[in-house]
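Visitor: Generate coordinates for the sequence data below:
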Amino acid sequence: MTNKYMNKKVFTGMLAAIMAVSSSFMSFADSVNLAPGENPVSGPEEQGESILPPSAQIGDRLNAPGEQTENPGNQSSTITAGGSAQGHSGTITAGGSAQGQSGTITAGGGMSGQNGPSPSGSTVITSGVLAGPGVSGSGGGPGMSGGAVISDGTDGFAGTVSSPLVKVAEKYTYDQMSQDIQELASRYSSLMKVNTIGTTLDGRNLYEVVVGNINAEKHVLIHGGIHAREYMTPLLIMKQLEYGLAFYGTGSYEGRLLSDLFNKTAIHYVPMVNPDGITISQSGIGGIRSEELRRTIEQCYQNDLAQGRTSAAMERYLNYWKANGRGVDLNQNFPADWEEVTSSDMPSYATYKGAAPLSEPESQALANLIQSRNWTATISYHSMGNIIYWDYPGNTVSAQSQELANAVSAKTGYRLAGSSGHGGFKDWLQIKENPIPSLTIEVGSVSCPMPLTEFTDVWNKNQEVWAAVLKWAAEH
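Guide: Predicted coordinates:
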């Protein structure tokens with residue numbers, strides 16, 4: 001029996017096993033866990049979500065019965081599971097990273113075999129990169145090819161951050177973020193300014209961190225964590241923030257001194273828009289202090305059970321929480337054709353648009369921040385899909401948004417698509433009076449909450465994004 005035949009047989013077995021375990025994800029890799037308002041324009045509107053029993057699924061975001069799904073953009077038949085692939089027609093990648101060509105199939109590599117937080121609790125990487133093969137170098141590399149290799153987010157285009165304050169953790173919490181912001185402000189007091197732009201229903205602050213010349217003509221907003229279970233995005237943004245501060249005075253980007261770019265443009269980071277929801281997803285109902293909110297969350301569960309939107313135990317149901325503390329999906333709560341949002345008719349773990357646009361303190365805080373000044377660009381971080389949404393029907397800054405998307409895609413390798421949903425933050429910014437070039441960036445390759453093993457690929461692809469947007473803004 002030839003080695004070629006044996007390799008083929010081994011590969012076939014591996015692929016069959018992967019597909020058997022991950023069929024729900026593999027079938028919908030380009031559609032699951034997308035932010036409401038960020039549906040591919042080539043596909044139909046999102047009709048809702050359901051949580052199946054743990055044994056029946058990976059992740060909780062499946063197409064509604066009868067819904068058809070098409071891949072966004074021009075790259076057809078690309079299916080990615082647990083790795084990073086710049087796929088072309090007919091490419092299937094299971095784990096690892098592959099630059100796929102037509103008809104290419106690659107198996108093995110960085111499949112973690114885990115779809116959520118580890119049973120033993122939060123894993124923290126405190127320094128360096130864990131030993132092992134497959135860690136890409138600086139710049140938006142292809143990610144890891146060994147499941148045990150996890151970056152700590154210190155390496156990048158300008159060098160390596162020494163003695164980092166922000167630690168990579170599987171469950172990056174609101175309390176940890178608040179402490180990190182305080183410690184960064186102490187270390188880099190002359191380079192950053194911290195504001196509180198709002199307070200959640202459970203009493204958590206919504207922080208804005210400004211880096212750069214506050215009196216500059218150009219301003220950029222980068223925010224994340226608007227969806228609760230997507231809590232790797234606040235970690236990513238905090239690592240970007242620390243990296244920019246560490247190399248503010250010494251680093252350069254594509255021939256431009258970072259200090260010069262920061263003098264011309266200020267970046268405003270809002271790392272965690274939905275800390276109440278993130279606390280629910282990470283810690284369950286016990287993380288919520290308000291008795292009224294606890295009753296609301298319990299009622300959401302009972303309603304979703306009654307409507308057949310879940311059959312899971314409450315603990316698992318809360319792991320997949322996406323809304324804010326009172327069951328409103330914040331990225332369906334903005335005045336972007338809000339009346340046309342297909343929504344649950346009552347508060348839920350996901351897809352309830354609220355009683356009115358901007359009904360929630362978190363969406364109000366973002367809207368007030370937007371109205372406070374003129375903005376050159378905004379970035380909204382979500383997960384998952386490795387895709388950049390740059391357009392929306394009625395977008396009056398379409399050309400600028402596409403140009404910005406091309407600049408970011410050149411660093412991340414993510415494909416581009418338009419949006420056909422409604423009520424999203426980016427969509428509102430593109431159609432409102434005084435519109436703003438804006439992007440939604442969906443990071444990661446597996447369903448949320450994403451395991452820590454996904455962070456290396458997310459960091460490698462996105463560690464330059466803030467600098468690319470900073471440079472784009474300074475030049476426009």
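
Visitor: Can you list the low-confidence ranges for the stretch 51-200 of the chain?
Guide: 51-148 (pLDDT under 70).

Visitor: hmm, 80 instead?
Guide: Applying pLDDT under 80 to the stretch 51-200 of the chain picks out residues 51-149.

Visitor: helix, strand or coil for Asn395?
Guide: Under DSSP: H, G, I helix; E, B strand; the rest coil, Asn395 falls in the coil class.

Visitor: what mean pLDDT does stretch 430-440 have?
Guide: In this model, stretch 430-440 has a mean pLDDT of 97.

Visitor: List the contacts of His476.
Guide: By C-beta atoms under 8 Å, 6 or more residues apart in numbering, the contact list for His476 reads 218, 376, 400. C-beta here means a position set from N, CA and C on the backbone, and glycine is covered the same way.

Visitor: so can I have CSV of those showing distance to Ser383?
Guide: Formatted as CSV, those follow (distance: C-beta to C-beta, whole Å):
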residue, distance to Ser383
Lys218, 28
Thr376, 25
Gln400, 25
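
Visitor: among those, which are in helices?
Guide: Gln400 (DSSP state H).

Visitor: out of the contacts of His476, which is most surrounded?
Guide: Thr376 (23 neighbours; other C-beta atoms under 10 Å).

Visitor: If you drop the residues flanking it in sequence, what lies closest to that one?
Guide: Ala473 (4.1 Å; C-beta to C-beta, 6 or more residues apart in numbering).

Visitor: Which residues does the helix or strand containing the one you found contact?
Guide: Assigned by DSSP states H and E, Ala473 falls within helix 465-474. For helix 465-474, contacts defined as C-beta under 8 Å, 6+ apart pick out 157, 212, 218-220, 222, 240-241, 243-244, 253-254, 256, 258, 261-262, 264-265, 267, 376-377, 379, 403-404, 407-408, 410-412, 441.

Visitor: Tell me the pLDDT of Arg256.
Guide: With respect to pLDDT, Arg256 has a value of 95.

Visitor: Give me the distance between it and Thr265.
Guide: Look at Arg256 and Thr265: by C-beta to C-beta, to the nearest Å, they are 11 Å apart.

Visitor: Check the burial of the residue nearest to Thr376 by counting its neighbours.
Guide: Residues near Ala473, counting by other C-beta under 10 Å: 23.

Visitor: What of Thr265?
Guide: Thr265: 25 neighbours (other C-beta under 10 Å).

Visitor: And Ala306, by the same measure?
Guide: Counted with other C-beta under 10 Å, Ala306 comes out at 9.

Visitor: Next one, pLDDT for it please.
Guide: The predicted local confidence for Ala306 is 96.

Visitor: thinking again about what came up before, out of the contacts of helix 465-474, which are buried?
Guide: 157, 212, 218-220, 222, 240-241, 243-244, 253, 256, 258, 261-262, 264-265, 267, 376-377, 379, 404, 407-408, 411-412, 441 (16 or more other C-beta atoms under 10 Å).

Visitor: Out of those residues, list just those in strands.
Guide: Using DSSP state E, the members of the buried ones among the contacts of helix 465-474 that fall in strands are 218-220, 222, 253, 256, 265, 267, 377, 379, 441.

Visitor: Now for those: which two are most distant?
Guide: Arg256 and Ile441 (22.1 Å; C-beta to C-beta).

Visitor: Strands along the stretch 251-400 of the chain, start to end?
Guide: Taking DSSP state E, counting those that start in this stretch as the test, the strands found in the stretch 251-400 of the chain are 252-253, 256-257, 265-270, 377-382, 387-391.

Visitor: Kindly report the same for the stretch 101-250 of the chain.
Guide: Counting by DSSP E, counting those that start in this stretch, the strands of the stretch 101-250 of the chain are 105-107, 124-125, 155-156, 159-160, 168-169, 192-199, 205-211, 218-223.

Visitor: quick one: strands adjacent to the third one?
Guide: Read it as strand 155-156. Next to strand 155-156 in the sheet, as set by DSSP bridges, lie strand 159-160 (antiparallel).

Visitor: residue ranges with poor pLDDT in the stretch 351-476 of the chain?
Guide: For the stretch 351-476 of the chain (pLDDT under 80), the answer is none.

Visitor: which stretches of it form helices?
Guide: Assigned by DSSP state H, counting those that start in this stretch, the helices in the stretch 351-476 of the chain fall at 361-371, 398-412, 425-431, 455-462, 465-474.

Visitor: I figured Asn386 hits Glu442, correct?
Guide: Yes: using C-beta atoms under 8 Å, Asn386 is in contact with Glu442, at 6.7 Å.

Visitor: which neighbours do those two share?
Guide: Tyr414.

Visitor: what sits against Gly394?
Guide: With C-beta under 8 Å, 6+ apart, Gly394 has these contacts: 430-431.

Visitor: From Asn386, how far out is Thr378?
Guide: Distance from Thr378 to Asn386, by C-beta to C-beta: 20 Å.

Visitor: Same check on Glu292?
Guide: Note on Glu292: its distance to Asn386, by C-beta to C-beta, is 39 Å.

Visitor: ok, the two, which is more surrounded?
Guide: Neighbour count, other C-beta under 10 Å: between Glu292 and Asn386, Asn386 has more, with 26 against 12.

Visitor: now the more buried one, nearest residue through space, not along the chain?
Guide: Tyr414 is the one closest to Asn386 (C-beta to C-beta, 6+ apart), at 5.0 Å.

Visitor: Identify each buried residue in stretch 195-210, please.
Guide: Taking 16+ other C-beta under 10 Å as the criterion, stretch 195-210 shows 197-198, 200-202, 204-210 as buried.

Visitor: quick check, nearest of these to Gly308?
Guide: Leu201 (27.6 Å).

Visitor: didn't the closest one look like it was pressed against Arg289?
Guide: No: using C-beta under 8 Å, Leu201 is not in contact with Arg289; the gap is 10.1 Å.
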